[in-house]
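Engineer: Test case, fold it:
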Amino acid sequence: MTNATGESGERQRLTAVQGLAALSLDALSSVAYGPEAILVVLVAAGAAGLRYSLPVTAAIILLLTALVVSYRQVIAAFPNGGGAYAVSKAHLGTRPSLVAAASLIVDYVLNAAVGVSAGVAALTSAFPSLYGATVWLCLAALALITGLNLWGVSESAKVFTVPTVAFIAAMVAVIVGGLLRAHPAVVLDRHLGASTEAVGILLVLKAFASGCSALTGVEAIANAVPQFRTPRARRAQRTEVWLGILLGGMLIGLGVLIHKFSVVPHSATTVLAQLTEASLGHNFFFYAIQLITTVLLALAANTSFGGLPVLMALLARDHFLPHMFALRADRQVHRYGVVVLALAAAALLVAAKGNTQALVPLFAVGVFVGFTLSQFGMVRHWRGERSGGWRLRAAVNGVGAVLTLATTVIELVSKFTEGAWLIVLVIPLLVLLFSRVSRNYARIGALLALGQTPEPPARMSALVVVPVASISRLTAAGISAALSLGDEVVAVTVAFTDPEETAADVSFRARWEEWHPQVPLITLHTDRRSIARPIVKYLSQLEQDDKYHRLVVLIPEVQPPRFWDWVLFNQRGALLDRAIRRGTASVVLCRLRYRLEQFEHRPSAPAAPAVPAASPPTE
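Structural biologist: Numbers count the residues shown, from 1 in each chain. As a prediction, this is how the structure comes out:
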């Protein structure tokens, strides 16, 4: 049985090809807007500025190479995933690791929102009548991707494999077709507006910072190593290398075509669309590639769904996030992380009204903070390990650290007034949140003496109080459970002081004495129409008397067979639960929920005690 379960779990994990589809869509699809982001900045200097597009692209590919080599080493050194967070935690300390985690969380959420909004923007560009429903289309696409990821990791990867392969084939067709042509297949509009800036180092650096949006997602594979099938690290390394080869090849190929055909950005047509027309013509292939690009941009959000839940699970295991984020569902899905990511991305899409340009200035800032911390952490890793060839590896990571640190500074400076200030604010707030959660878990652990050997169990005198309002099989089951829990049991009922209720109380007490459950019935009289206040007052008095080591309140309830049956039952248990927790200091509260079927099948004997409602659900 164990082997069968293990094999089934492995089948739910990713192969190298599935990993490329599930975790690399962000990086691969960024070629649709990365090269254009470079041109949008350089066009401010006119034709002289556009000549720098290829050198800027080459610099980005150099940075990509350093990142791929580095993250391949990160995967080998940290096969449990976590990427920049795991590296920083091991070699830079807790605070830097939390900064890395916060920066990656911000980038993952932004990536999900940008991917969806960019895909919907491409769709509304083709069908302008849908523009008014942009936000709803974004939310629908996000819901679809969320559903696929809740369905299962490998299942969602299979869905994404076909469009990923189609997009790669489409980019190869565009690049090869363009390289084989001496002249563009259609006449391109090369009109440039008036130059507003001179070519300078600041303009080139700003173009470089904008183009680095193509590098977001490179870290996702290292963050999600546990999602791969065994041997996990080796599969993840192969996937990282192939991502670097494909992304670098597409970036340099498109960069060469931009230079060859002198493509300039236009508001109505994307640079990729112009390159497709120039290479293949305005025909069926043009529309097919545009459609494939639209799908890939929307599905690029899946990179976040593959990486962020694993990162949140690691934070939860280290007590920096609630432990529920470490739970897995049947299909190896961290469902709580998936849901939180979906809700955060949905909030961003609604706030930005589905406008990609409102989100792009925030994009890629956070991820380079994580890149930089990861590189410095790996340098310290190799210096501490000193294995064969450690100097070369440390040098590679050192170069990467310098490059990513410079890029981080460029990103912050060039995008600060465009929204990067918000990232500078959010990351410290997330670090503060992690610290507060960790302190709370430390306090809880100290109170419960987790990890220590407690004193031997001892029998203590206890009073079990059972609130009752009628005599029934449910009441009998609750009294029976109470008798098995404590040395002394009392039943408590509340009687209101109006004549009608007084008569009902007399009748109820007579029936109780006739039933004779060998448990005393205490009537609490009140002139207010509340059952909770007198019971809380009674319990508080028992606490003050300090006669018993333990006070237990046992509330028997019916578990409705269907969720819509809740309306048929009063909410007395929930009401008492809330009031007792607020109004007492040391009372142990136990809500026992019985299924109706228990009374149907065992009509002549009290039903067996149910599991306390406080028991945590099983994932």
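
Engineer: quick one: low-confidence parts of the stretch 101-250 of the chain?
Structural biologist: Applying pLDDT under 70 to the stretch 101-250 of the chain flags the ranges 122, 125-126, 152-159, 189-199.

Engineer: Return the helix or strand in this protein with minimum mean pLDDT.
Structural biologist: Lowest on mean pLDDT, DSSP states H and E among the helices and strands of the chain sits helix 2-11, with a mean of 54.

Engineer: contacting residues around the helix or strand just after that helix?
Structural biologist: Counting by DSSP states H and E, the next helix or strand C-terminal to helix 2-11 is helix 16-23. Helix 16-23 is contacted from outside by 14, 153-154, 156-158, 160-161, 164-165, 217, 220-221, 224, 227-228, 235-236, 238-239, 242-243, 302-303, 306-307, using C-beta atoms under 8 Å, 6 or more residues apart in numbering. All C-beta spots, glycine's among them, are computed from the backbone N, C-alpha and C.

Engineer: Over to stretch 460-471?
Structural biologist: Identification of contacts with stretch 460-471 by C-beta under 8 Å, 6+ apart yields 475, 478-479, 482-483, 485-494, 508, 511-512, 515, 519, 521, 531, 535, 538-539, 542, 547-556, 572, 576.

Engineer: any idea where the helices of the stretch 151-300 of the chain begin and end?
Structural biologist: Here the stretch 151-300 of the chain has its helices, by DSSP state H, counting those that start in this stretch, at 153-180, 201-211, 220-223, 232-261, 271-280, 284-299.

Engineer: In CSV, list those along with distance to Val74 and mean neighbour count.
Structural biologist: Putting these into CSV (distance: least, C-beta to C-beta, whole Å; neighbours: other C-beta atoms under 10 Å) gives the following:
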stretch, distance to Val74, mean neighbour count
helix 153-180, 21, 19
helix 201-211, 23, 21
helix 220-223, 5, 33
helix 232-261, 9, 21
helix 271-280, 31, 24
helix 284-299, 25, 20
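
Engineer: closest one to Ala59 among these?
Structural biologist: Nearest to Ala59, of all the helices of the stretch 151-300 of the chain, is helix 201-211, at 5.9 Å by C-beta to C-beta.

Engineer: tell me what the closest one is packed against?
Structural biologist: helix 34-42, helix 53-77, helix 390-415 (3 or more C-beta pairs under 8 Å, 6 or more residues apart in numbering; DSSP states H and E).

Engineer: Which residue, other than its chain neighbours, is closest to Ala233?
Structural biologist: Closest residue to Ala233 apart from its sequence neighbours, by C-beta to C-beta, 6 or more residues apart in numbering: Pro79 at 4.2 Å.

Engineer: Hmm, Val225 and the one you found touching each other?
Structural biologist: Yes - judged on C-beta atoms under 8 Å, Pro79 makes contact with Val225 at a distance of 5.5 Å.

Engineer: Of these two, which one has the most company?
Structural biologist: Val225 (27 against 19; other C-beta atoms under 10 Å).

Engineer: Report the contact partners of that one.
Structural biologist: 75, 78-81, 232-233, 236.

Engineer: what about Arg529, how many neighbours?
Structural biologist: So Arg529, with other C-beta under 10 Å, has 10 neighbours.

Engineer: Now for it: which residues touch it?
Structural biologist: Each residue near Arg529 by C-beta under 8 Å, 6+ apart is listed here: Phe496.

Engineer: for the contacts of Val225, which one is nearest Ala446?
Structural biologist: Asn80 (27.2 Å).

Engineer: Could you find the closest non-adjacent residue to that closest one?
Structural biologist: In space, and not counting its chain neighbours, Asn80 is closest to Pro226: 6.2 Å by C-beta to C-beta, 6+ apart.

Engineer: Just to check, Gly478 is in contact with Pro556?
Structural biologist: Yes - using C-beta under 8 Å, Gly478 is in contact with Pro556, at 3.0 Å.

Engineer: Return every residue with contacts to both of these two.
Structural biologist: Contact criterion C-beta under 8 Å, 6+ apart; residues shared by Gly478 and Pro556: 466, 592.

Engineer: before we move on, back to that, any chance of the helices and strands packed on helix 201-211 in JSON lines, plus distance to Val135?
Structural biologist: Compiled in JSON lines, the helices and strands packed on helix 201-211 are given as follows (distance: least, C-beta to C-beta, whole Å):
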{"stretch": "helix 34-42", "distance to Val135": "24"}
{"stretch": "helix 53-77", "distance to Val135": "32"}
{"stretch": "helix 390-415", "distance to Val135": "25"}
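
Engineer: Give me the phi and psi for Arg550.
Structural biologist: Backbone torsions for Arg550, taken as degrees, to the nearest 10, come to phi -140, psi 130.

Engineer: just the one 3 residues further on next, same as before
Structural biologist: When read as degrees, to the nearest 10, the backbone of Val553 gives phi -110, psi 120.

Engineer: show me the contacts for it.
Structural biologist: Residues near Val553 by C-beta under 8 Å, 6+ apart: 464-467, 539, 576, 580, 587-590.

Engineer: And those, which is closest to Val256?
Structural biologist: For the contacts of Val553, the closest approach to Val256 (C-beta to C-beta) belongs to Leu589, at 70.5 Å.

Engineer: For Glu385, find the nearest of the helices of the stretch 151-300 of the chain.
Structural biologist: Closest to Glu385 of these, according to C-beta to C-beta: helix 232-261, at 15.9 Å.

Engineer: and the closest one, what other elements does it pack with?
Structural biologist: If contacts are counted by 3+ C-beta pairs under 8 Å, 6+ apart, helix 232-261 sits against helix 16-23, helix 25-29, helix 34-42, helix 53-77, helix 153-180, helix 220-223, helix 271-280.

Engineer: so how many other residues sit close to the residue nearest to Asn80?
Structural biologist: A count of nearby residues for Pro226, using other C-beta under 10 Å, gives 18.

Engineer: does it really touch Arg235, like I thought?
Structural biologist: No - contact criterion C-beta under 8 Å: Pro226 and Arg235 do not qualify, at 11.3 Å.

Engineer: Quick check: phi and psi on Ser262?
Structural biologist: The phi and psi values for Ser262, taken as degrees, to the nearest 10, are phi 50, psi 50.

Engineer: That one touches Arg51, doesn't it?
Structural biologist: No - contact criterion C-beta under 8 Å: Ser262 and Arg51 do not qualify, at 9.7 Å.

Engineer: show me the contacts for Cys60.
Structural biologist: Small correction: residue 60 is Ile, not Cys. Ile60 neighbours (C-beta under 8 Å, 6+ apart): 34, 208, 211-212, 214-215, 251.

Engineer: and with 7 Å instead?
Structural biologist: For Ile60, the contact set (C-beta atoms under 7 Å, 6 or more residues apart in numbering) comprises 208, 211-212, 214-215, 251.

Engineer: cool, and Asn397?
Structural biologist: By C-beta under 7 Å, 6+ apart, the contact list for Asn397 reads 70, 73, 375, 378-379, 382.

Engineer: tell me the angle the lengthiest helix in the chain makes with helix 271-280.
Structural biologist: Longest helix in the chain by number of residues (criterion: DSSP state H): helix 94-126. Put simply, helix 94-126 runs at 60 degrees to helix 271-280, going by axes from the mean of the first three to the mean of the last three C-alpha atoms, to 10 degrees.

Engineer: Check which helices and strands helix 94-126 sits against.
Structural biologist: Helix 94-126 is packed against helix 84-91, helix 134-151, helix 284-299, helix 302-317, helix 335-351, helix 356-359, helix 365-385, helix 420-448, with contacts defined by 3 or more C-beta pairs under 7 Å, 6 or more residues apart in numbering; DSSP states H and E.
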